[in-house]
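1. starting from these lines, generate the structure:
(chains A and B)
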Amino acid sequence: MKALHELRSMPSRSWLGVSFDVAKIRQDFPILEQRVHGKPLVYLDNAATTQKPQAVIDAIQRYYSQENSNIHRGVHFLSERATEVYEGARLKAQRFLNASSTRETIFVRGTTEGINLVAQSYGRTFLKDGDEIIITAMEHHSNIVPWQILCEQVGARLQVVPINHDGELLLDEYRRLLNERTKLVSVAHVSNALGTINPVKQIIEMAHSYNVPVLVDGAQAAPHMKVDVQELDCDFYVFSGHKLYGPTGIGVLYGKEALLEAMPPYQGGGDMISLVTFEKTHYNILPFKFEAGTPHIAGGIGLGVAIDYLSRVGLEAAGAYEQELLAHATRSLCAIDRLRVIGTAKQKASVLSFVLEGVHPHDIGTILDREGIAIRAGHHCAMPVMQRFGVPATARASFAFYNTKEDVDALVQAMDKVIEVFG
Amino acid sequence: MSDLSDLYQEVILDHNRSPRNFKKIEDANRTANGYNPLCGDHVTLYLKLEDGVICDIGFQGAGCAISKASASIMTASLIGKSVAEAEALFDRVHKMLTGGSSATADAQEMGKLAVLSGVANFPARVKCASLSWHTLRAALKGEQGVTSTE
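-> Residues are numbered from 1 along each chain as shown, chains lettered A, B, ... in the order given. Below you'll find the model as predicted:
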């Protein structure tokens, strides 16, 4: 048998019928070259964070070595240059989401901060005692806790749409929960723990029939499928840069301009003001009203380059390739005795959660790690999902377009090792 | 490089398969709950103390092989020990798990507990092994609430 690294150097075009030059793509990600515990790295923890292409790494280095300066305020060359590149990144983010203008494209630290911004700015302004917020049973903690905090503050109630045993939303239950008290719906586009792709367009339509705005948590969706916020007609959409091959500490909140205009600032400070006196402060125009303080300039620039990279790879082709990987991995893992996949929705993206009878996911994680395979073991910040399926935790393999069929096969082979240790 | 077999020693796998003292003690006079928020592992420890001596001990809960085996081995080694001896044992195990003492030098006097020494080479798993021990300390001190590894 050939060693994995030899297989990887072979052209991987057209395996399983999908034309996608993964061998070439892997060359863009220097971290994938390394060995872990003496074995070639097999990185299958992409739902936690993705690796960065050389172009992103170079952009960050270039920024700090050639462009570093504060933005929006200097009259000097470097400040103008930094502002130009940073605002250029915003334009890329706007186009990436097909937002109608950059006024609707707010840089935040990540998905979590984006949701907190909407909860605190929109929520505290427009929700009151007795109002209801609808989320779903498959949300990440960061799409649960900000709403719980808001509920405590304004006296609103959280309503949760249940899911079936495949990990799909029960839309009839959702329909039943919607009523005139509903003031906001917040839902994951793709579940980080189950991989379910939710029918967000339908969810939004149903909410809009009650004039209820909808926030879509796109952390797990934006890296895998084309998102068009105008086509979805969502009111808010949030994603994180680091799950999209960009840096950590940067993300984007899209919001419809009319809503953002009506919302008060989230934080006060520099950049978000136009005029300050001790009597009154005038806030800056969108999107700056929501960007207090010096932002993560290098992060924004890096995210812009990641978006460029992604569009060169082609999100559609990458998504189709990832679907093939997921299907191959699902088939292969399901063939293992006593293994159960958690999350068997008809529409899934990139995530494969599983449990093996008699072996705790943490033990699976440690044994796979020794084989050079990085997966996530735990509750994936979705404890209610774990409770729903009656498991304390799951092992989760999650894929990116730089993963290969050989990566999946290495995972399956390493599961034999798990079974060998635990008998 | 530390080997997987240092972690998953036969004794550990055996305690994982058939944990000792995996029971609730109805007339326990000390109980404590331990929780590891990172992975969701939880353990409830029941102690029956008479004249400062642990005359019975049991645990229940859910966790990985390391946390379950550590709790099982702990309970097996504590029956008949005084509170002071149990606290001293906590200190030594804690040092062993966090690499603060030479596992080999300690191996003999640690007896059966020495099988846990392999954990020190797997930093991500130290909290799994120490959960039941932190819970023990809380029980000995009569602390209320949930002991967290964080």
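2. how deep is the closest residue to chain A within chain B tucked in, by neighbour count?
-> Per C-beta to the nearest C-beta, B:C64 is where chain B lies closest to chain A, at 3.6 Å. For the C-beta atoms, the positions are set from N, CA and C on the backbone; glycine is no exception. Residues lying near B:C64 (other C-beta atoms under 10 Å in any protein chain shown) number 28.
3. kindly report the same for A:K280.
-> The local packing of A:K280 (other C-beta under 10 Å) involves 7 other residues.
4. contacting residues for residue 36?
-> Just going to use chain A. Counting by C-beta atoms under 8 Å, 6 or more residues apart in numbering or on different chains, A:V36 touches A:369, A:372, A:374.
5. actually, chain B is the one I wanted.
-> Neighbouring residues of B:N36 by C-beta under 8 Å, 6+ apart: B:42, B:63, B:67, B:127-128, B:131, B:148-150.
6. nearest residue to residue 115 in space, please, no chain neighbours.
-> No chain specified, so I'll use chain A. A:P146 (5.0 Å; C-beta to C-beta, 6 or more residues apart in numbering or on different chains).
7. chain B was what I was after
-> Leaving aside its sequence neighbours, B:V115 sits nearest to B:V11 (C-beta to C-beta, 6+ apart; 4.5 Å).
8. do B:I57 as well
-> What sits nearest to B:I57 in space, not counting adjacent residues and going by C-beta to C-beta, 6+ apart, is B:T75, at 4.7 Å.
9. quick check: that neighbour vs B:I12, distance?
-> B:T75 sits 14 Å away from B:I12, going by C-beta to C-beta, to the nearest Å.
10. of these two, which one has the most company?
-> Comparing B:T75 with B:I12 by neighbour count (other C-beta under 10 Å), the higher total belongs to B:T75, at 25 against 22.
11. look at that one and give its secondary structure.
-> At B:T75 the chain is in helix, as set by DSSP: H, G, I helix; E, B strand; the rest coil.
12. returning to what we had before: thought the residue nearest to B:I57 was touching B:R20?
-> Yes: B:T75 lies in contact with B:R20 (C-beta atoms under 8 Å); the separation is 6.1 Å.
13. pull the helix or strand with minimum mean pLDDT from the chain.
-> Since no chain was named, I'll use chain A. Between all helices and strands in chain A, the lowest mean by mean pLDDT, DSSP states H and E belongs to helix A:4-9, at a mean of 43.
14. other chain: chain B
-> Every helix and strand of chain B was ranked by mean pLDDT, DSSP H and E. The lowest is helix B:103-110, at a mean of 59.
15. list the contacts of the very next helix or strand once past it.
-> Remark: after helix B:103-110, the chain's next helix or strand is helix B:126-140, criterion DSSP states H and E. Residues from elsewhere that reach helix B:126-140 (C-beta under 8 Å, 6+ apart): A:362, B:30-36, B:38-39, B:41, B:43-45, B:47, B:59, B:63-64, B:66-67, B:70-71, B:74, B:78, B:83, B:86-87, B:90, B:93-94, B:97-98, B:116, B:119-120, B:147, B:149.
16. which residues make contact with stretch A:161-173 from outside it?
-> Contact with stretch A:161-173 is made by A:134-138, A:174, A:177, A:187, A:191, A:194-196, A:198-199, A:202-203, A:206, A:342-346, A:385, A:388-389, as judged by C-beta under 8 Å, 6+ apart.
17. now do the end-to-end distance for it.
-> 6 Å (C-alpha to C-alpha, to the nearest Å).
18. mind listing what's buried in it?
-> Residues A:161, A:163, A:167-169, A:173 are the ones in stretch A:161-173 that count as buried (16 or more other C-beta atoms under 10 Å in any protein chain shown).
19. how far does it sit from its chain's centre?
-> Chain-centre distance of stretch A:161-173: 21 Å, with C-alpha atoms, centre = their mean, to the nearest Å.
20. below-threshold pLDDT in the stretch 1-150 of chain A: ranges please.
-> Within the stretch 1-150 of chain A, the stretches with pLDDT under 70 are A:1-18.
21. give me phi/psi at the residue in it that chain B sits nearest to?
-> Closest approach between the stretch 1-150 of chain A and chain B, counting by C-beta to the nearest C-beta: A:H37, at 6.4 Å. Note on A:H37: its backbone torsions stand at phi 50, psi 40 [degrees, to the nearest 10].
22. who's in contact with it?
-> Counting by C-beta under 8 Å, 6+ apart, A:H37 makes contact with A:369-372, B:1.
23. same deal with A:L78?
-> A:L78 touches A:67-69, counting by C-beta under 8 Å, 6+ apart.
24. so A:V341: helix, strand or coil?
-> Counting by three-state DSSP, the backbone at A:V341 sits in strand.
25. which SS state does the closest residue to it other than its chain neighbours fall under?
-> Nearest non-adjacent residue to A:V341, counting by C-beta to C-beta, 6+ apart: A:F354, 5.0 Å away. State at A:F354, reduced to three classes by three-state DSSP: strand.
26. show me the helices in chain B, by range?
-> For chain B, helices defined by DSSP state H occupy the ranges B:4-7, B:10-17, B:65-78, B:83-97, B:103-110, B:126-140.
27. now do the third one against helix B:10-17, angle only.
-> Looking back up the chat, that one is helix B:65-78. 100 degrees (axes from the mean of the first three to the mean of the last three C-alpha atoms, to 10 degrees).
28. whichever residue of the stretch 151-300 of chain A sits closest to chain B: neighbour count?
-> At 12.4 Å from chain B, A:A193 is the closest residue in the stretch 151-300 of chain A, using C-beta to the nearest C-beta. Residues near A:A193, counting by other C-beta under 10 Å, number 30.
29. that one reaches A:M383, doesn't it?
-> No: applying C-beta under 8 Å as the test, A:A193 and A:M383 come out as separate, 9.5 Å apart.
30. thinking again about what came up before, give me the buried entries from the contacts of B:N36.
-> By neighbour count, with 16+ other C-beta under 10 Å, the contacts of B:N36 hold B:42, B:63, B:67, B:127-128, B:131, B:148-149 as buried.
31. please point out which parts of stretch A:41-50 sit buried.
-> So, applying 16+ other C-beta under 10 Å, buried residues of stretch A:41-50: A:41-50.
32. the stretch 251-400 of chain A: strands as residue ranges?
-> Using DSSP state E, counting those that start in this stretch, the strands of the stretch 251-400 of chain A run over A:251-255, A:273-276, A:281-283, A:339-342, A:351-356, A:373-374, A:376-378, A:394-398.
33. what would the ones you listed look like in JSON lines with mean neighbour count?
-> As requested, those are exported to JSON lines (neighbours: other C-beta atoms under 10 Å in any protein chain shown):
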{"stretch": "strand A:251-255", "mean neighbour count": "29"}
{"stretch": "strand A:273-276", "mean neighbour count": "12"}
{"stretch": "strand A:281-283", "mean neighbour count": "13"}
{"stretch": "strand A:339-342", "mean neighbour count": "20"}
{"stretch": "strand A:351-356", "mean neighbour count": "25"}
{"stretch": "strand A:373-374", "mean neighbour count": "22"}
{"stretch": "strand A:376-378", "mean neighbour count": "23"}
{"stretch": "strand A:394-398", "mean neighbour count": "28"}
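34. distance to A:E231 and mean pLDDT added to those strands, as CSV?
-> What follows is those, written out as CSV (distance: least, C-beta to C-beta, whole Å; pLDDT from 0 to 100):
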stretch, distance to A:E231, mean pLDDT
strand A:251-255, 13, 98
strand A:273-276, 33, 89
strand A:281-283, 30, 91
strand A:339-342, 31, 98
strand A:351-356, 24, 98
strand A:373-374, 35, 98
strand A:376-378, 32, 94
strand A:394-398, 26, 97
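35. export the ones you listed to JSON lines and tack on distance to A:A320?
-> Putting those into JSON lines (distance: least, C-beta to C-beta, whole Å) gives the following:
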{"stretch": "strand A:251-255", "distance to A:A320": "24"}
{"stretch": "strand A:273-276", "distance to A:A320": "46"}
{"stretch": "strand A:281-283", "distance to A:A320": "44"}
{"stretch": "strand A:339-342", "distance to A:A320": "21"}
{"stretch": "strand A:351-356", "distance to A:A320": "16"}
{"stretch": "strand A:373-374", "distance to A:A320": "24"}
{"stretch": "strand A:376-378", "distance to A:A320": "24"}
{"stretch": "strand A:394-398", "distance to A:A320": "17"}
